[in-house]
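Chemist: Would you be able to build a 3D model of this:
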Amino acid sequence: MLRTNLTAGEPEQLWRFYIQLTEVEQAFKELKHDLAIRPIFHRTEQRIEAHIFVAFLAYCLQVTLKAQLRSVAGGTTPREVLHTFKTMQMVDVRIPTTDGRELVLPRYTQPEPEHRLLLQRLQLRLPEQPPPKITAAQARQQAPAATAL
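Modeler: Residues are numbered from 1 along each chain as shown. You can find the predicted model right below:
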């Protein structure tokens, strides 16, 4: 039963408006709680727009994940998925070489059984581990400056 002070319109249309209102309220709740989006007071209009854009993209990704979960993992929520995947990390292992350069090995942690289960249900595959990189930035900083004769 829906009680309202609106007199114009069909009852079905009022019901659709009410359902739409509850969906909007749920979206704001998810933005505040699940995505932890809070107001930030920016000084320029460009930064304000960028902040809104990033928040909107996060919400779009959450809605997409929710729709995917509905079809493959019925009772699982996006919040549970994000909580589970928080334990996976991407790290850069940095190893100095004897000639002043640095070997950088970008690596992500291997998935635990709960990660593998979610990845399998969502039909996702982790990318291959990235190849190592050698940086010469330190060698340039430590090299003595050439003197003009």
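
Chemist: which SS class is residue 62?
Modeler: At residue 62, secondary structure determined by DSSP: H, G, I helix; E, B strand; the rest coil is helix.

Chemist: burial count for it?
Modeler: Residue 62 has 20 neighbours, counted by other C-beta atoms under 10 Å. Where C-beta positions appear, they are placed from N, C-alpha and C, glycine not excepted.

Chemist: shouldn't it be in contact with residue 69?
Modeler: No. Using C-beta atoms under 8 Å, residue 62 makes no contact with residue 69, being 10.3 Å away.

Chemist: mind showing which ranges of the chain have poor pLDDT?
Modeler: Applying pLDDT under 70 to the chain flags residues 1-2, 6-8, 35, 137-149.

Chemist: run the last query once more with 80
Modeler: Applying pLDDT under 80 to the chain flags residues 1-12, 14, 24, 27-40, 74, 137-149.

Chemist: Please report phi then psi for residue 11.
Modeler: Dihedral pair for residue 11: phi -60, psi -40, per degrees, to the nearest 10.

Chemist: for residue 106, that is, sorry about that
Modeler: With angles defined as degrees, to the nearest 10, residue 106 sits at phi -70, psi 130.

Chemist: For residue 62 and residue 69, list the residues in contact with both.
Modeler: Here residue 62 and residue 69 have residue 78 as joint contacts, going by C-beta atoms under 8 Å, 6 or more residues apart in numbering.

Chemist: where exactly do the strands run in this structure?
Modeler: With DSSP state E as the definition, the chain shows strands at residue ranges 90-96, 102-108, 133-135.

Chemist: what angle separates the first one from strand 102-108?
Modeler: Angle, strand 90-96 to strand 102-108, by axes from the mean of the first three to the mean of the last three C-alpha atoms, to 10 degrees: 160 degrees.
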